[in-house]
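> Provided below for reference: sequence and predicted model.
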Amino acid sequence: MPFYDYIYGTMDKASDKLHESALKREEEIPDVVHLTHLTTPESIYHLRLGFAYLASKPYMSKWYFCLMWPVTAWSMILTWVYGRTFIVEGNRFDKLKLQTWAIPKYSLQYFLQSQKVAINTMIEEAILDADRKGIKVLSLGLRNQGEDLNIYGRLYVSRHPKLKVKIVDGSSLVVAVVLNSIAKGTTQVLLRGKLTKVAYALAFTLCQQGVQVATMHEDDYERLKKSFNSSDTNLAFTKSNTQTTWLVGDGLTEEEQLKAPKGTLFIPYTQFPPRKYRKDCSYHCTPAMLAPSSIENVHSCEDWLPRRVMSAWRIAGIVHSLEGWSEHECGHTMHNIDKVWHSALQHGFQPLSVPVKELAHYK
């Protein structure tokens, strides 16, 4: 043992130098960072920092979490005291080094006006840290890119116009994934939920493709119609709800779901899945794609998605770096939807063509 080697003078003199050189080893700098956040106090158990068994499965509340409340409370206090972005996991995709960072804030806090400044400060610090380290791309995940919070990330680019790290909100790929989730031959869809940058792009693109886009709220109809700058559109205001394909975002209620015809497919265009109230309808997963098998160290699930399935927002940052695009994708600007979609396919990302339940068994 080293202790006895030290006492009897048999210790290798090179050991100290080896130890010192190991401590001086430079931090590995990733090429791409995906910035996410905690969703619930129990979600920390599903990170690689928590329990490997839970991290390998999609996030789902468990009955025994209530028995772990002392640990949950301790983790909440720790995140509140520590108050800094932390590394969740690291991956490799060929020569590309990937990392996921997390903001120590919960989803509920993003709705509190009192937390807005603190959250924006944390995101901004993470972006500036990435810029100092020479990271090429930082993608904003979950609620880190809300319009009310930071104008889809535009706030940080406006404050720091000389940023070298590219900020990506992933909206163009999200639109592409949703569009390719709609069955071919569909002639009409219903758009319901909070109108976001993605929702406007979906409505406009579908109308251009000859698909009728209906809304069940007149104010949504008027806002969409105004954004098109044209009276000749396939946009419609309806109360019949006969459409069997619904594109849904935040704000979809139980009452609205109960109005959908039997067999309706709900396709979310937001980061969070809708609550499922109908057993006679189908629910698509949030915008995501199957990751290439060449991505290493994918040992945990991304929130509620199965293993080796990545959100479109996360993939967008990876594709942005692989393609070497030199502009930000944030604010109200978007990349070409078809271009981003084909780039993702060319780099090995695949659309989800099988039910999500089957994907849960994919290793």
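Received it, and whenever you're ready, just let me know what you need.
> Identify the residue nearest V298 in space, chain neighbours excluded?
Of all residues beyond its chain neighbours, the one nearest V298 is R308 (5.3 Å), with distances taken as C-beta to C-beta, 6 or more residues apart in numbering. C-beta coordinates here come from the backbone N, C-alpha and C atoms, glycine included.
> Wait, the one you found touches M289, no?
No. With contact taken as C-beta atoms under 8 Å, R308 and M289 are classed as non-touching, separated by 10.1 Å.
> Strands along this structure, start to end?
Taking DSSP state E, the strands of the chain run over residues 32-37, 86-93, 96-103, 137-140, 166-168, 188-192, 212-215, 235-237, 245-248, 265-268, 282-283, 288-290, 295-296, 309-311.
> count of residues packed around the residue nearest to V298?
Here the neighbour count serves as a burial measure; for R308 (other C-beta atoms under 10 Å) it reads 17.
> Now it. Its backbone dihedrals?
Dihedral angles phi and psi of R308 (degrees, to the nearest 10) take the values phi 60, psi 20.
> Show me where the stretch 1-150 of the chain dips below the pLDDT cut-off.
Within the stretch 1-150 of the chain, the stretches falling below the threshold (pLDDT under 70) are 1-26, 41-82.
> Try it again at 90.
Low-confidence regions of the stretch 1-150 of the chain, defined here as pLDDT under 90, cover residues 1-28, 38-90, 94-95, 104-109, 115.
> do you know how far the residue nearest to V298 is from P261?
The gap separating R308 from P261 is 34 Å, by C-beta to C-beta, to the nearest Å.
> Kindly report the same for Y156.
Y156 is 43 Å from P261, where distance means C-beta to C-beta.
> got the buried residues for stretch 188-199?
Q188, V189, L190, L191, R192, G193, L195, T196, K197, V198, A199 (16 or more other C-beta atoms under 10 Å).
> mind saving the C-alpha coords of it as CSV?
Extracted as CSV, the C-alpha positions of stretch 188-199 are listed here (Å, rounded to 0.1, in the frame of the first residue of the first chain):
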residue,chain,number,x,y,z
GLN,A,188,-57.6,18.3,-42.9
VAL,A,189,-56.2,18.8,-39.4
LEU,A,190,-57.2,20.6,-36.3
LEU,A,191,-54.7,22.9,-34.6
ARG,A,192,-55.3,23.4,-30.9
GLY,A,193,-53.0,24.8,-28.2
LYS,A,194,-50.9,27.8,-27.5
LEU,A,195,-49.9,29.5,-30.7
THR,A,196,-46.1,29.4,-30.8
LYS,A,197,-43.4,29.9,-33.5
VAL,A,198,-43.8,26.2,-34.3
ALA,A,199,-47.6,26.4,-34.5
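> now stretch 238-254: how far from the chain's centre is it?
Between the centre of stretch 238-254 and the centre of its chain there are 23 Å (C-alpha atoms, centre = their mean, to the nearest Å).
> whoops, stretch 157-177 was the one
Chain-centre distance of stretch 157-177: 13 Å, with C-alpha atoms, centre = their mean.
> which parts of it are buried?
Taking 16+ other C-beta under 10 Å as the neighbour-count basis, stretch 157-177 is seen to contain the buried residues 157, 163, 165-177.
> Can you convert the strands of the chain into TSV and add a column each for distance to H347?
Shown next, in TSV, are the strands of the chain (distance: least, C-beta to C-beta, whole Å):
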stretch	distance to H347
strand 32-37	12
strand 86-93	8
strand 96-103	10
strand 137-140	14
strand 166-168	15
strand 188-192	29
strand 212-215	30
strand 235-237	34
strand 245-248	26
strand 265-268	24
strand 282-283	28
strand 288-290	10
strand 295-296	10
strand 309-311	12
